[in-house]
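Peer 1: What follows is a predicted structure for the sequence shown.
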Amino acid sequence: WGLKIFTPLTLRFQDFQRRQVQLLRGEAYFNVQPNPNQPFIISADNNRVRVVGTQFTVRTGGQTQVAVEHGIVECANVRGDKTRLTAEQLTTLNPQKSSAVLTDNDSLQTFAWTKGRLIFKDRKLADIIAELDRYHAGKIVVANTQLGQTRLTGNYKLQDIPALVVTLAQLSHADVIRLSPYLTVLR
């Protein structure tokens, strides 16, 4: 199996013979070859994702999100409710009820981070900054609620986050204040 990580991530390999991984934090892209004798199972936020043979992402953080690029995965929430996903489908596992399967209308956005990019369409600046914050060693804060509501569209490389923050600030008519290498404020 292959694994691609761009954001901070914590993995716990429980047993290499059983092909089990526990995703404690972050997001990971998996490329798993089918093996009916050794299913590949990922645990995240008390949910389980069983791989049939596919390329997909699992993201933790309050809720577990699963998006399938190719192939098939089976997901189960804490209660054991199962959801089956195929190519270009995604779900957010819900502990209270069965999870809805959605069509990924823009899989380029969903999987952009695996190619070192961030793509967004008509999204709030606050949401974009929250996503960017996952790739940045420090904290980026939008100090003004109204500014955070500014909607933007873009396709950017993630290799220079400080420069990207400056670009987003210019597009939203904000000032950038760098208080330290680990704290940047937009106002």
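Peer 2: Arrived safely, thanks for sending.

Peer 1: any idea how far R117 is from the residue nearest to G116 when sequence neighbours are not counted?
Peer 2: Once flanking residues are discounted, G116 sits nearest to L158: 5.2 Å by Cβ to Cβ, 6 or more residues apart in numbering. In this view, the C-beta of every residue, glycine as well, is placed from N, C-alpha and C. Remark: distance between L158 and R117 (Cβ to Cβ, to the nearest Å) = 6 Å.

Peer 1: Next: N144.
Peer 2: Taking Cβ to Cβ as the measure, N144 falls 27 Å from R117.

Peer 1: Ok, V51 next?
Peer 2: 25 Å.

Peer 1: quick one: which of these two has more around it?
Peer 2: V51 (26 against 17; other Cβ atoms under 10 Å).

Peer 1: shouldn't that one be in contact with Q38?
Peer 2: No: using Cβ atoms under 8 Å, V51 is not in contact with Q38; the gap is 10.4 Å.

Peer 1: biggest helix in this structure by residues?
Peer 2: Ranked by residue count, the top helix of the chain under DSSP state H comes out as helix 161-171.

Peer 1: Which residue, neighbours along the chain excluded, lies closest to C75?
Peer 2: Using Cβ to Cβ, 6+ apart, the closest residue to C75 is T83 (4.6 Å).

Peer 1: Which secondary structure state is assigned to the residue of the chain lying at maximal distance from its centre?
Peer 2: The centre of the chain is farthest from one residue, N37, which by Cα atoms, centre = their mean lies 29.2 Å away. When classified by DSSP: H, G, I helix; E, B strand; the rest coil, N37 comes out as coil.

Peer 1: Contacts only, for it.
Peer 2: N37 makes contact with no residue, according to Cβ atoms under 8 Å, 6 or more residues apart in numbering.

Peer 1: That one and E88, how far apart?
Peer 2: For N37, the distance to E88 (Cβ to Cβ) stands at 28 Å.

Peer 1: do V176 as well
Peer 2: For V176, the distance to E88 - Cβ to Cβ - is 37 Å.

Peer 1: ok, N144 touching R187?
Peer 2: Yes: if you go by Cβ under 8 Å, N144 and R187 touch, sitting 5.4 Å apart.
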